[in-house]
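Asker: need coordinates for the below:
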Amino acid sequence: MKAILLIDHGSTRHEANEMLACMANLVQTMVGERVIVRHAHMELAPPTIDDGFADCVAEGATEVIVFPYMLSPGKHVMRDIPRMVAEAAASHPGVEHVVTPAFGVHEKLAEVILARAEIDPARQIAGEEACRCWNPDGAVGACGSGCRAVQRAGAAAQ
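Answerer: Purely as a prediction, here's the structure:
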């Protein structure tokens with residue numbers, strides 16, 4: 001069974017930590033019972049990454065898909081979270097895991113920005129256009145591991 005483990009940095013503010021629990025609950029509701037959804041914080045608050053990973057396994061997960069609930073591919077996404085997840089996974093031999101890219105640049109995030117600003121989009125972005133490079137200088141991959149243009153190119157090469 002698959003599990004999704006949402007991971008953020010963690011905060012000293014209770015409300016910030018609760019937001020991730022709310023998101024995990026929303027994702028769980030959207031995906032139904034066919035996938036386990038849990039959350040964890042890198043530091044400052046429970047549950048820890050060890051706790052979150054172990055909870056996924058205790059619920060029957062044989063594969064844990066880790067989603068760094070962060071916008072950009074900074075050091076936590078690229079270094080710290082993969083290391084901490086690998087350490088947690090070491091206690092659960094036979095359970096596969098993968099760490100996804102951070103949110104990155106995505107048309108759905110642009111839609112959220114416009115909705116929060118109470119501005120209707122002039123047009124929708126979807127399909128092939130959504131997977132193009134959005135860097136103003138045209139530097140494909142400039143936004144890091146979450147670059148959908150790079151992901152599309154990699155998928156086409158396989």
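Asker: tally of neighbours for the residue nearest to Ala110 when sequence neighbours are not counted?
Answerer: Distances taken as Cβ to Cβ, 6 or more residues apart in numbering place Ile125 nearest to Ala110, at 7.2 Å, with adjacent residues excluded. In short, each C-beta sits where N, CA and C put it, glycine included. Using other Cβ atoms under 10 Å, Ile125 is surrounded by 15 other residues.
Asker: and what of the one 10 residues further on?
Answerer: The criterion is other Cβ under 10 Å. On that basis, Asn135 has 14 neighbouring residues.
Asker: over to His92?
Answerer: Look at His92: counted by other Cβ under 10 Å, it has 17 neighbours.
Asker: next, the contact list for it, please.
Answerer: Counting by Cβ atoms under 8 Å, 6 or more residues apart in numbering, His92 makes contact with 53-54, 57.
Asker: and the strands in the protein?
Answerer: Applying DSSP state E to the chain gives strands spanning 2-8, 35-41, 63-68, 96-99.
Asker: nearest to Glu107, out of those?
Answerer: Set against Glu107 and scored by Cβ to Cβ, the strands of the chain come closest in strand 63-68, at 17.9 Å.
Asker: report the buried residues of that closest one.
Answerer: 64-68 (16 or more other Cβ atoms under 10 Å).
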